[in-house]
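mind folding the following:
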Amino acid sequence: MVDFIYNIDRAVFIFCNQTLANPIFDFVMPPLTNWNQSWFGLTLAVGLWLLLFWKGGKKGRIVCLLLIPLILLSDQISSTVIKTLFARPRPCHIVDGLPVIENIHLLVTCGAGYSFPSSHAVNNFAFAAFISYYYRRWSWLAFTYAGIMGFSRISVGVHYPSDVLGGITVGVFCAFIIIMMWESLSKTYPALSIGRK
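Numbers count the residues shown, from 1 in each chain. I've put the predicted structure just below:
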């Protein structure tokens, strides 16, 4: 059963990474997948956070502040706990002198970290689920963005589809934890309550 699931995972990875490879993806995916590590991406992210904090009223300020523990939680659970527990090599890794998957269409540095789950998927889907809960009208945009980021990790050759699916599950779970903690606290202290729209 495990081999069957792995074979499907591998086949979908090869389809996304090799069959769907094209000059447009080659140009767009590398900067897209790591945009938050560039000066432009960091400036944009901080700028949007500050804008929501400044113009979003009480709700915007609380949402902005809750995003901090959310991303810390999701990133640490992914990188420190789950990745270490599963210790799965990335598809682009070399193990015992042999490539995990041959003919990888690798568009970025492979990285030494483990594969499962994709921390990009964890963090982006945690963000998307959290924002969607409090700003339902932005759900489509938040999840579209997170989905594109998840696909980009497969396209550039550093994660399996199951890494992304695992990341979605962990990210949404982390968002659920923060939301439920805040909603519980708001019942005790009604002044902290914020609506959904």
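
the residue sitting nearest the centre point of the chain in helix, strand or coil?
Nearest residue to the geometric centre of the chain (CA atoms, centre = their mean): residue 121, 2.1 Å. Of the three states, residue 121 takes helix according to DSSP: H, G, I helix; E, B strand; the rest coil.

what helices or strands is the top helix by length along the chain leaning on?
For the chain, the helix with the greatest residue count under DSSP state H is helix 161-188. If contacts are counted by 3 or more CB pairs under 8 Å, 6 or more residues apart in numbering; DSSP states H and E, helix 161-188 sits against helix 2-14, helix 57-76, helix 119-134, helix 139-155. For glycine as for every other residue, the C-beta is placed from the backbone atoms N, C-alpha and C.

what residues does whichever helix or strand comes after the shortest one touch?
Which is helix 2-14. Next helix or strand after helix 2-14 toward the C-terminus (DSSP states H and E): helix 23-33. Outside helix 23-33, the residues that touch it by CB atoms under 8 Å, 6 or more residues apart in numbering are 38, 107-108, 120, 148-149, 152-153, 155-156.

which residues does the helix or strand of the chain with the lowest mean pLDDT contact?
Ranked by mean pLDDT, DSSP states H and E, the weakest helix or strand in the chain is helix 39-55, scoring a mean of 87. Residues outside helix 39-55 that contact it (CB under 8 Å, 6+ apart): 34-36, 60-61, 63-64, 67.

does residue 110 count as helix, strand or coil?
At residue 110, secondary structure determined by three-state DSSP is coil.

for it, which non-adjacent residue is closest in space?
Among residues not flanking residue 110 along the chain, residue 92 sits closest, at 4.0 Å (CB to CB, 6 or more residues apart in numbering).

I'd assumed that neighbour was in a strand, is it?
No - read with three-state DSSP, residue 92 is coil and lies in no strand.

wait, isn't it in contact with residue 101?
Yes - using CB atoms under 8 Å, residue 92 is in contact with residue 101, at 7.5 Å.

ok, those two, which is more surrounded?
Per other CB atoms under 10 Å, whichever of residue 92 and residue 101 has more neighbours is residue 92, with 22 against 17.

might you report the residue contacts of the more buried one?
Residues in contact with residue 92, defined by CB under 8 Å, 6+ apart, are 99-101, 104, 106, 110, 157-158.
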